[in-house]
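S.K.: Sequence below, structure please.
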Amino acid sequence: MDQQILNAIFIGSIYALFAVGYTLVFGILDILNLAHSAVFMLGAALTYSLVVTHGQPFWIGAVLGVAASALIGLVIEHVCLRPLRRRQAPPIAALISTIGLALVIVAAVEQGKSGSLFSWLWVDGANSVAFPPGTVPNPTWHIGDLTLEASKVLIIPISIALMLILGYVMRFTQVGRGLRAVAENPRAARLMGLDVDRMISLTLVISSALGGLAGILFGLALGDISPYIGRDNVEVRGLAVIVLGGMGSIPGAVIGGYLLGLIEILALVTFGSNARGGVAFAALFLMLVLRPQGLFGTRLRERI
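M.R.: Residues are numbered from 1 along each chain as shown. Predicted coordinates for the structure are as follows:
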C-alpha cells in the first residue's frame with residue numbers, strides 16, 4: 001500500500017502541474033482552454049523527436065519542447081481567443097475554437113511519418129513510443145517495500161517547486177498583481193494603464209509552458225508518448241481536478257491534483273485497473289452535483 005501511495009503522489013504531481021495551467025487561463029479569462037491537452041501531448045512528442053530522431057541531448061530537447069509549448073500558447077491567444085474577444089463573441093465560441101486547434105495539432109502529429117510534411121516533428125504516426133533506456137540517468141532504489149525510480153521521484157520536487165514559484169509570482173510580484181487585476185475586471189485594469197492583451201498573452205504562455213512540461217515528465221516517467229496522451233490521459237482528469245479544487249483557484253488545482261491521484265490509486269487497489277478510467281468522470285460529476293464551486297473554490301478564489 002505504501003508503494004501505491006507513492007504512486008498517487010507521483011501521478012498527482014503531474015495532474016496538478018497540468019491543471020494549474022488549465023485553471024490559470026480560466027481564472028483570467030473565464031474560459032476553458034481545451035487545446036491545453038494538445039499542448040501537453042506536443043511537449044512530449046517534440047521532445048521525443050528531438051532526442052530520438054534528431055539526436056539531441058534530453059535536456060536540450062526538454063527545453064525546446066517547453067519553449068515550443070509556450071509558443072503554442074501565443075498561437076492559442078492570437079488565433080483562437082483574441083479575434084473572438086475583440087468581437088465580443090460568447091465564451092462558447094472560444095471553447096469551440098480551442099477544441100478545433102487541439103484537433104488540428106493532434107491530426108498533424110498523427111500524420112507524421114517518414115517523408116511527410118511533419119516528419120521533423122513526429123515519425124511514428126499513431127503509435128505509442130517511449131524514450132530509449134539511458135536517455136536520462138534513472139537509478140532505482142529499494143527502501144523496505146518501496147521501489148523508487150529517479151525519473152519518477154524527481155517529478156515530485158520539480159512540480160511542487162514550479163507551483164510554489166507560480167504561487168509566489170501571482171501573490172507577491174507586479175506581474176501577478178497585474179494578472180489578478182485583469183482577472184477581477186479587465187476594463188478597470190485597462191483604465192489603470194495595464195496592457196490587458198499583453199497580460200492575457202503572458203497567461204497563455206505560462207499555462208502552455210506548464211502543460212508542455214507536464215507532458216514531457218509524463219512521457220519520461222510512464223514511457224507512453226503518442227498523439228493521444230493528452231486526450232486519453234489528462235483532459236478529463238484535468239477538468240476533474242480544477243472542479244474538485246475550485247474553478248480558477250491555483251491552490252485548489254494543486255490540492256485537487258493530489259486528491260484525484262489518491263482517489264484513482266484507491267480505486268485501482270479496490271476495484272482493479274478497469275475502474276480507474278471512470279474515477280475522474282465520477283469525481284467530476286459528484287462534485288458538480290454536491291458542491292459546484294469545488295472543495296476550496298469560494299475561500300481560495302477570494303484570496304488569489
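
S.K.: Go ahead and confirm Ser128 touches Gly219.
M.R.: No. Shown here, Ser128 and Gly219 do not form a contact pair, counting by Cβ atoms under 8 Å, at 9.9 Å. C-beta: built from backbone N, CA, C; applies to glycine.

S.K.: Could you check how far the residue located most distally from the centre of the chain is from Gly261?
M.R.: For the chain, the largest distance from the centre (Cα atoms, centre = their mean) belongs to Gly144, which lies 32.9 Å off. Here the criterion is Cβ to Cβ, to the nearest Å. By it, Gly144 lies 21 Å from Gly261.

S.K.: Please apply the same query to Ala150.
M.R.: Going from Ala150 to Gly261 by Cβ to Cβ gives 19 Å.

S.K.: Comparing those two, which residue is more hemmed in?
M.R.: The neighbour count for Ala150 versus Gly261, taken as other Cβ atoms under 10 Å, is higher for Gly261 (23 against 14).

S.K.: coming back round to it: show me what contacts the nearest residue to the residue farthest from the centre of the chain once chain neighbours are set aside?
M.R.: Spatially, and ignoring its direct neighbours in sequence, Gly144 is nearest to Asp2 (7.6 Å; Cβ to Cβ, 6 or more residues apart in numbering). By Cβ atoms under 8 Å, 6 or more residues apart in numbering, the contact set of Asp2 is 144-146.

S.K.: thought Val136 was touching Phe58?
M.R.: Yes. Counting by Cβ under 8 Å, Val136 sits close enough to Phe58 to count as a contact (5.1 Å).

S.K.: Among the two, which residue is more densely surrounded?
M.R.: Between Val136 and Phe58, Phe58 has the larger neighbour count (other Cβ under 10 Å), namely 20 against 15.

S.K.: Verify the stated contact: that one with Thr135.
M.R.: Yes. Between Phe58 and Thr135 there is a contact at 5.1 Å, judged by Cβ under 8 Å.

S.K.: so what sits against both of these two?
M.R.: Val51.

S.K.: and for Ser128 and Gly219, which residues touch both?
M.R.: Ile225.

S.K.: which intervals of the stretch 201-304 of the chain have sub-threshold pLDDT?
M.R.: Applying pLDDT under 70 to the stretch 201-304 of the chain flags the ranges 272-277, 297-304.

S.K.: again, only using 80
M.R.: Low-confidence segments of the stretch 201-304 of the chain (pLDDT under 80): 233, 247-248, 268-281, 283-284, 292-304.

S.K.: all helices for it, in order.
M.R.: Shown for the stretch 201-304 of the chain, the helices assigned by DSSP state H, counting those that start in this stretch span residues 229, 235-245, 250-271, 276-290, 297-303.

S.K.: Which of those sits closest to Ser208?
M.R.: Proximity to Ser208 (Cβ to Cβ) singles out helix 235-245 among the helices of the stretch 201-304 of the chain, at 13.3 Å.

S.K.: As a check, name the ranges of all strands in the protein.
M.R.: 140-143, 146-149 (DSSP state E).

S.K.: Mind listing residues that contact the last one?
M.R.: In other words, strand 146-149. 2-3, 6, 138-142, 221.

S.K.: Indicate each strand paired with that strand and its parallel or antiparallel sense.
M.R.: Sheet pairing of strand 146-149 (DSSP bridges) gives strand 140-143 (antiparallel).

S.K.: All set now, cheers.
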